[in-house]
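Asker: give me a model of this one.
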Amino acid sequence: MKAAILDGYDKNGAALAVRDIPTPEPGAHEVLVRVHTAAVNPLDNMVIRGDVRLIVPYRTPLVMGNEFSGTVVRAGAAAGRFKPGDRVYGRMPLAKIGAFAKYAAVDESALAHVPGYLSMEEAACVPLTALTTLRALELMEARPGQKLFISGGTGSLGAMAIPIAARMGLTVVTNGSAQNEQRVRSLGASVFLDYKTQRYVDELHDMDCVLDTLGERELPDEFRILRRGGHLVSLRGLPNGRFARRAGLSPAKRALFGIAGRKFDRMAARRDQTYDFVFVHEDDAQLSRVAELFPAERPLAVSIDGTYELDQVNDALERVRSGHSQGKTLLRIERA
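Answerer: Next comes the predicted model:
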């Protein structure tokens, strides 16, 4: 089968090699999935650069890819939740990614049934960003009526976080390029700021929650717009001790991340705020919750930036790396 493979980490972003490898055999609790579509995320570029090696030390060569949709081919001896032909989607288990391939052997705990109204392309947009959003809102203890600022909400994370947060009753504020305002408002954003003419740090105050997608450089300003006692969750900042404890990391890594994230913990402590870093794992129960939040009569609107063939995986990665994507960037695997 064809797969996109990382042969070695490169801090500048190595190119993936597309080549034939053996089709995996599902383990006892796994199902073999014929991948239809995979989504490309900033996380994929982070893995390639080695940015997450302290959290998940993948060995190379590594089949890349974190989220996908596909069809069940067969199930392992102890896997009983899915049958051949079922449409499924999921976030690959942290310990065993590999969605950029014709087939993937996936633990059934990472999978959920695709809602009937979603196409396979739309379904591939959901798992990683939906799970990340739900986990972030959980850490924030977000409640209906609260105000949430999503920094740089015009990309792939915002395309999922905005509708989920809005459906859960939060008032969503975001910023980005003016050309994206209509699309982002249609997803559920109540307030949109043009980053070229409106500095969010000047326009906003007393936000209950902030979801950071931009990283360390923006965190000081994001803390400034947060109310006393508010909650900030970052996808791109540095891990801290709270993250290491939640993740069950070794004492050595807890100490290391405690030092790495101390600067942001101190920023938060000045006004009784909290700082959390999120790196989401597979979770079938949370993924099933998406279908509950968005039933057929009130469906989820999915935003797709563009679709590439598997042989164009490096072009897709560059599109995401550029920061100019407007929604999800997809890989069509079914024809590989």
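
Asker: who is residue 68 paired with across the strands?
Answerer: In this entry, residue 68 is beta-bridged to residue 38, residue 90, by DSSP bridges.

Asker: quick one: end-to-end distance for stretch 90-100.
Answerer: 13 Å (CA to CA, to the nearest Å).

Asker: contact partners of that stretch?
Answerer: For stretch 90-100, the surrounding residues in contact (CB atoms under 8 Å, 6 or more residues apart in numbering) are 3-4, 16, 24, 35, 38-39, 47, 56, 58, 62-68, 104, 106-107, 109-112, 127-128, 131, 280-284, 287, 310, 313, 331, 333. Any C-beta I mention is one placed from the backbone N, CA and C, and that applies to glycine too.

Asker: for stretch 127-134, same thing?
Answerer: Residues from elsewhere that reach stretch 127-134 (CB under 8 Å, 6+ apart): 39, 41, 43, 66-68, 89-91, 156-157, 159-161, 164-165, 211, 235, 278, 280-283, 286-287, 289-290, 328.

Asker: swap in stretch 79-88?
Answerer: With CB under 8 Å, 6+ apart as the test, stretch 79-88 has contacts from 26, 28-31, 33, 69-75, 108, 111-114, 120, 123.

Asker: give me the number of residues near residue 136?
Answerer: 28 (other CB atoms under 10 Å).

Asker: avg pLDDT for the one helix or strand it maps to?
Answerer: Following DSSP states H and E, one finds residue 136 within helix 127-140. Across helix 127-140, the average pLDDT comes to 96.

Asker: can you check stretch 267-279 too?
Answerer: Averaged over stretch 267-279, pLDDT sits at 97.

Asker: buried sites along it?
Answerer: 267, 268, 273, 274, 275, 276, 277, 278, 279 (16 or more other CB atoms under 10 Å).

Asker: and this protein, what are its domain boundaries?
Answerer: 2-126+302-332, 128-277 (automatic domain parsing).

Asker: dump those domains into JSON lines; add distance to residue 294 as well.
Answerer: Putting these into JSON lines (distance: least, CB to CB, whole Å) gives the following:
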{"stretch": "domain 2-126+302-332", "distance to residue 294": "7"}
{"stretch": "domain 128-277", "distance to residue 294": "7"}
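
Asker: would you map the helices across this protein?
Answerer: Using DSSP state H, the helices found in the chain span residues 42-49, 120-124, 127-140, 156-167, 181-187, 200-203, 219-224, 241-246, 251-260, 262-269, 284-293, 313-322.

Asker: ok, for residue 293, nearest residue in space, not its chain neighbours?
Answerer: residue 167 (5.2 Å; CB to CB, 6 or more residues apart in numbering).
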